[in-house]
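Asks: model this:
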Amino acid sequence: RDNPLNPDWRQGMSPSRRLIRTRTMDQPEVHEAIAEMRRVADAYEDRVMIGEAYLPIDQLMAYYGVDLTGFHLPFNFHLLSTPWHPVAVAALIDAYEAALPPGGWPNWVLGNHDRARLASRLGSEQARVAAMLLLTLRGTPTIYQGEEIGMTDVPISPEQVQDPWEKNVPGLGLGRDPARTPMQWDATAHAGFTTGEPWLPVGADRHTINVAAQARDPWSILSLYRALIRLRCAEPALSVGAYTPVAADETALLYERRHGDRHLLIALNMSGASQALSNFHSGRVLVSTCLDRPDEQVRGALDLRPNEGCIILIE
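Replies: This is a model prediction of the structure:
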């Protein structure tokens, strides 16, 4: 049957919003199809099923399936639309963790090909804090290509447009091409992506924002991602440990990850001002987003610099 008209739709809005898609999205019978796909996937040893579903948290949980017979990971896109504020992010984490079915494994997404790039949305400094959030939350992190080197949106002229949305309804700001430009591997003409003409233009910042340059820079955002991934692989508290909220206010978000006798505190300054945190047990900084506090001892207090996050081993 036809979808009903959206009474709130106005000229200038996306044409896809003219209808309320109650009859073409999130239909009950889709779960039977997913369960059948899962039975096929389960016949293989090395497999994972990920579902792309932009849904409220309560509806999203249904995609794990009855007794976890659906997707292993229904994509959790909620960080993309949640305000970048400690209280809002903490509330999202709590709501998502509370909604998971027994045995359901979480996942987190900070960027994808439908939204402005992370560094364009949050700025280059908070992009580093966001990297620490993504790689220290409980669950499977998803990194969109280019996030690990801090790529930003690339301006696209009308004659360069490839996205069908922008071609079909130009001028509404629906084009997603700025976030879909080629991965910047090096400083050559097409950033090492191709020897031919790329389908979208390469960013003008390719001379500095590229993998080759950042791999040589021990303080680059790529070096930060690598340090966080190394720590995540080495620390069961981060890869499989429990998540416990600690505090969230106007500037900072704090939470713990624990596994066995390993106890980590993650402190994220989501503001541009210094933050003095007190009442700490003694500990040792494992990673700072600035990558300049190797094994720094913490006793009773921690001064977080603007836009800094720290992972602290509580001793």
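
Asks: now could you export just the CA positions of stretch 181-192 as PDB?
Replies: What follows is stretch 181-192, C-alpha atoms only, in PDB (Å, rounded to 0.1, in the frame of the first residue of the first chain):
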ATOM      1  CA  THR A 181      36.300  11.800  -1.700                       C
ATOM      2  CA  PRO A 182      39.300   9.400  -2.300                       C
ATOM      3  CA  MET A 183      41.400   8.200   0.600                       C
ATOM      4  CA  GLN A 184      44.500  10.300   0.900                       C
ATOM      5  CA  TRP A 185      47.500   7.900   0.900                       C
ATOM      6  CA  ASP A 186      50.300  10.300   0.000                       C
ATOM      7  CA  ALA A 187      51.100  13.800  -1.300                       C
ATOM      8  CA  THR A 188      51.100  12.900  -5.000                       C
ATOM      9  CA  ALA A 189      48.600  14.400  -7.600                       C
ATOM     10  CA  HIS A 190      45.800  12.100  -6.800                       C
ATOM     11  CA  ALA A 191      46.900  11.300  -3.200                       C
ATOM     12  CA  GLY A 192      48.000   7.800  -4.200                       C
END
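
Asks: Pull out the buried residues from that stretch.
Replies: Going by neighbour count (16 or more other Cβ atoms under 10 Å), the buried part of stretch 181-192 is 181, 182, 184, 186, 190, 191, 192. Every C-beta, even on glycine, is put in place using the N, C-alpha and C of the backbone.

Asks: which ones among those are found in strands?
Replies: Nothing among these maps onto strands, per DSSP state E.

Asks: Phi and psi next, for residue 141.
Replies: phi -80, psi 150 (degrees, to the nearest 10).

Asks: Leaving out the residues flanking it, which one is nearest to it?
Replies: residue 134 (4.7 Å; Cβ to Cβ, 6 or more residues apart in numbering).

Asks: Would you mind checking which of the buried residues of stretch 181-192 is nearest to residue 240?
Replies: Nearest to residue 240 out of the buried residues of stretch 181-192 is residue 184 (Cβ to Cβ; 33.3 Å).

Asks: Roughly how far does the closest one sit from residue 272?
Replies: Going from residue 184 to residue 272 by Cβ to Cβ, to the nearest Å gives 27 Å.

Asks: Same question for residue 248.
Replies: 17 Å.

Asks: Repeat that for residue 142.
Replies: When residue 142 is compared with residue 272 (using Cβ to Cβ), they lie 27 Å apart.

Asks: repeat for residue 103
Replies: 40 Å.

Asks: Just want to know which of these two has more residues nearby.
Replies: Between residue 103 and residue 272, residue 272 has the larger neighbour count (other Cβ atoms under 10 Å), namely 11 against 8.

Asks: now, the most widely separated pair of the buried residues of stretch 181-192?
Replies: 181 and 186 (15.0 Å).

Asks: Show me where the protein has its helices.
Replies: For the chain, the helices defined by DSSP state H cover 30-41, 57-60, 78-81, 86-99, 118-122, 124-136, 164-168, 211-215, 221-234, 236-239.

Asks: Just want the angle from the fourth one to helix 124-136.
Replies: What it means is helix 86-99. 20 degrees (axes from the mean of the first three to the mean of the last three Cα atoms, to 10 degrees).

Asks: Now helix 86-99: buried residues?
Replies: In helix 86-99, counting by 16+ other Cβ under 10 Å, buried: 86, 89, 90, 92, 93, 96, 97.

Asks: From the contact counts, what lies against it?
Replies: helix 57-60, helix 78-81, strand 242-248, strand 252-259 (3 or more Cβ pairs under 8 Å, 6 or more residues apart in numbering; DSSP states H and E).
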